[in-house]
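1. I need the structure of the sequence given here:
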Amino acid sequence: MLQNVSLENGCVKKLFIKFSIPSILGMLIVSMQTMIDGMFLSRAVGAEGLAAVNLSMPIVNIIMSIALMVCTGGGVLVSIANGRKEFEKSKGLTSFTLFLLLGVLIFTSLLVLLNFDYILKLLGVTNEIKKYVIPYLSILVAGSIFYNIPIFTETFVRINGKPNLVFVSGTTAFLTNVILDYIFIVNLKMGVEGAAISTTLANMLAGLVLFPNINFGKIYGNLNDLKKIFTNGSSECLTTVSSAVTIYIFNIVIMKNIGILGVSALTIVFYINSIIIISLYGLSQALQPIISYNLGAKNMEKIIDVLKLSFVSGAGIGVVTFLIVLIFNKNIITIFSKNNIELIELTKQASYIISFSYLLSFFNIISSSFHTAIEKPVESAFIALGRTIIFVLIPLFTLPLFLGNIGIWLSIPVAELLCLFFSVPLTLTSIKKLRNNLNFK
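-> Numbers count the residues shown, from 1 in each chain. Down below sits the predicted model:
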């Protein structure tokens, strides 16, 4: 198989570029897709529309986290099987992962819809904003299979040695979403409903275009495989779940201290923040099949080379994004603010402070993905939880007591810094153990 020859014998730098560039570009386009939604909504609905999106995100992200867990966990097993030349098993595990994903998403969506009123209260949705949240969230939950299917297709086309197709998928989603946003939000004036329908249909199409490029086989899987899928994918799941919980807590704190305008400002900052975070996730997803394959092939040298390249590339992304935010801060924010001066000033303050996290987050994100790829889910999950919730809550509830609203925004870079004190030694220890296990001095 072409994919296996490439992963086993190819130059590490060329392999890394082949896998990482399309992955990063594809995920950047997805990020831009979300920002386009925000641009249309800010003009058609205003600050309430942006706030409704952010209040809905915890539930949307939790469902997405389940999809990530299944696809990442299944992807690790498939990559290791390929490294061991067990190609029929690899195809069977791919089919097993797809059916598992569909079943879990259907169950989760029904659970959310049957408890919708309770969930709205849990999210802190007020009567003032409820009329925007209900249609947006209910559509995305009902269409969760279609919304999340690109996670599966993009994961497995990478594993099949066709990472360029991730860019095709992202471009399809982006262009479709822009066209549908214009039709539903601008022409038909459907507001948040139009945004949710556009995103769901765009993602569905993006996923469908990749299905012919995935190698399926007779379903292969047992309880042990099921356990490995959930454990290996647990860190990605916990990353997204903890991010959802963090957004929820931020929303509650900001609604209490600042109000809807503060939630709107946070939404805009998270649009900007998603550019670097999703780029780093694209980078980390690109390294996973290479590292997992070489783990199966017992090639330690390539694992180290890919890890080094990932850290250098991640640092470059962080620095560039940090400089862009510092220089073009106001220009970016104005796109989403609809000339709301108060919102612009509040968002400027938040984005300046949060942007310092970009200089640190790359190491934590890549370290977590590295541990997933070498089947160390506990270490991966700890790092993921650390940067997204454990080390966020400590400064979030203490710094505002001394620094006011600035302390809210400062909690994110402080969390990344605190997490480094754990991710660095964990990564060094894991590399040392891996060398010993693979008989490398």
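2. what about the helices in the stretch 201-350 of the chain?
-> Here the stretch 201-350 of the chain has its helices, by DSSP state H, counting those that start in this stretch, at 223-232, 234-257, 260-296, 300-337, 341-354.
3. make TSV out of the ones you listed and add mean pLDDT and distance to Phe370.
-> C-beta: built from backbone N, CA, C; applies to glycine. As requested, the helices of the stretch 201-350 of the chain are arranged in TSV below (pLDDT from 0 to 100; distance: least, Cβ to Cβ, whole Å):
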stretch	mean pLDDT	distance to Phe370
helix 223-232	84	13
helix 234-257	76	10
helix 260-296	78	7
helix 300-337	85	6
helix 341-354	86	25
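4. among those helices, show me which one is buried the most.
-> Ranked by average neighbour count under the criterion mean count of other Cβ atoms under 10 Å, the helices of the stretch 201-350 of the chain are headed by helix 260-296 at a mean of 25.
5. which strands and helices sit next to it?
-> Judged by 3 or more Cβ pairs under 8 Å, 6 or more residues apart in numbering; DSSP states H and E, the packing partners of helix 260-296 are helix 2-9, helix 12-44, helix 47-83, helix 144-159, helix 234-257, helix 300-337, helix 341-354, helix 361-373.
6. that helix to helix 47-83, inter-axis angle?
-> 0 degrees (axes from the mean of the first three to the mean of the last three Cα atoms, to 10 degrees).
7. name the nearest residue to Ser357, ignoring sequence neighbours.
-> Pro413 (4.0 Å; Cβ to Cβ, 6 or more residues apart in numbering).
8. please look at the one you found and Leu360 and confirm they touch.
-> Yes: using Cβ atoms under 8 Å, Pro413 is in contact with Leu360, at 6.8 Å.
9. so for these two, which sits in the more crowded spot?
-> A side-by-side neighbour count of Pro413 and Leu360, using other Cβ atoms under 10 Å, places Leu360 first with 22 against 19.
10. mind listing what the more buried one touches?
-> Leu360 is in contact with 318, 413, 416-417, 420, counting by Cβ atoms under 8 Å, 6 or more residues apart in numbering.
11. Lys218 too?
-> Contacts for Lys218 (Cβ under 8 Å, 6+ apart) come out as 91-92, 95.
12. try Ala81
-> Residues near Ala81 by Cβ under 8 Å, 6+ apart: 87, 89-90, 93, 296.
13. okay, Phe211: pLDDT?
-> Note on Phe211: pLDDT of 91.
14. now it: how far from Thr126?
-> 42 Å (Cβ to Cβ, to the nearest Å).
15. cool, Phe402 as well?
-> 29 Å.
16. more neighbours, the two?
-> Legend: neighbour count by other Cβ under 10 Å for Phe402 and Thr126, higher for Thr126 (13 against 8).
17. tell me which helix or strand Val104 sits in.
-> Assigned by DSSP states H and E, Val104 falls within helix 87-114.
18. where in this structure is pLDDT low?
-> By pLDDT under 70, the low-scoring segments of the chain are 1-13, 23, 26-27, 29-31, 33-34, 235-236, 238-240, 338, 438-441.
19. and with 50 instead?
-> 1-5, 440-441 (pLDDT under 50).
20. centre-most residue in it?
-> Centroid-nearest residue in the chain: Ile278, 5.7 Å away (criterion: Cα atoms, centre = their mean).
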